[in-house]
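Novice: Task: produce atomic coordinates for the following.
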Amino acid sequence: MKDNRTLYERSVQDRSTLRYYLGLIIRWKQNWKYVRACRIARKRGATIGEGVIIPLSLAKRANSNLIIGNHTSIQTDKLDLRSPIQIGNHVIIGNGTEIITTSHNIDSPDWEHKNYGITIEDYAWIPTNILILPSCRKIGYGAVISSGSVVVKEVENMSVVGGNPAKEFKKRKCVHSNLIVESLLGGDYQIYKEIRRKR
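Specialist: Numbering: from 1, shown residues only. Below is the predicted model of the structure:
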């Protein structure tokens, strides 16, 4: 008979009882840390969905310009929150990535700020050490950016881009729809328990 479970479901459901409880303890500690960070960010005016992983350092700087959907993992605190940043569901943003949303009017004697903002759509993957400049206002659904890239313009849906400046070199065939994004950093405490009960 064919096993229709996802890789995550098999991993949790097929564990020994001892290994399951050890995993539960580790996840409980991580869950406490991430829940606290989300609570702080919300108190500071950010809109944060369910199952979101953010560093405490970002939460302490959060404001109403930060909007994050559900089941999203952000490992960096280098988000320029002077302009709106809207991040969708199931998005993964890696360590060291920097998103700049605001610039200056170089043709003005007052050199005032120019606010742009950015929208990052569902299932985008933005791994480590990427620089996203204010001229990029949208990263499309399912887009992937190669590590170390400099992004200067909009990234289309399902595009895989890389380089400096980042350019498309292929299209993604599918999104990470079976991935429990929170599990990447051990923030999957609730889901881990629910999946185990279903076996």
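
Novice: doesn't Tyr34 make contact with Gly187?
Specialist: Yes: if you go by C-beta atoms under 8 Å, Gly187 and Tyr34 touch, sitting 4.6 Å apart. To be clear about C-beta, it is placed using only N, CA and C from the backbone, and glycine gets the same treatment.

Novice: Over to stretch 96-103 now: how far is its first residue from its last?
Specialist: End-to-end span of stretch 96-103 (C-alpha to C-alpha, to the nearest Å): 20 Å.

Novice: what residues does that stretch touch?
Specialist: With C-beta atoms under 8 Å, 6 or more residues apart in numbering as the test, stretch 96-103 has contacts from 75-76, 78-85, 113-118, 126-134.

Novice: buried subset of the residues you listed?
Specialist: Among the contacts of stretch 96-103, those buried by neighbour count (16 or more other C-beta atoms under 10 Å) are 75-76, 78-85, 116-118, 126-127, 130-134.

Novice: Report all helices and strands that the helix with the most length in the chain contacts.
Specialist: Identified as the longest helix of the chain according to DSSP state H is helix 17-43. Where contact means 3 or more C-beta pairs under 8 Å, 6 or more residues apart in numbering; DSSP states H and E, helix 17-43 is packed against strand 47-48, helix 56-59, helix 189-197.

Novice: Of all these, which one comes closest to Lys153?
Specialist: Nearest to Lys153 among the helices and strands packed on helix 17-43 is helix 56-59 (25.2 Å), distances taken as C-beta to C-beta.

Novice: still on that earlier bit, who touches both of Gly187 and Tyr34?
Specialist: Common contacts of Gly187 and Tyr34 (C-beta under 8 Å, 6+ apart): Ile53.

Novice: higher neighbour count, those two?
Specialist: The residue with more neighbours, out of Gly187 and Tyr34 and counting by other C-beta atoms under 10 Å, is Gly187; that gives 26 against 23.
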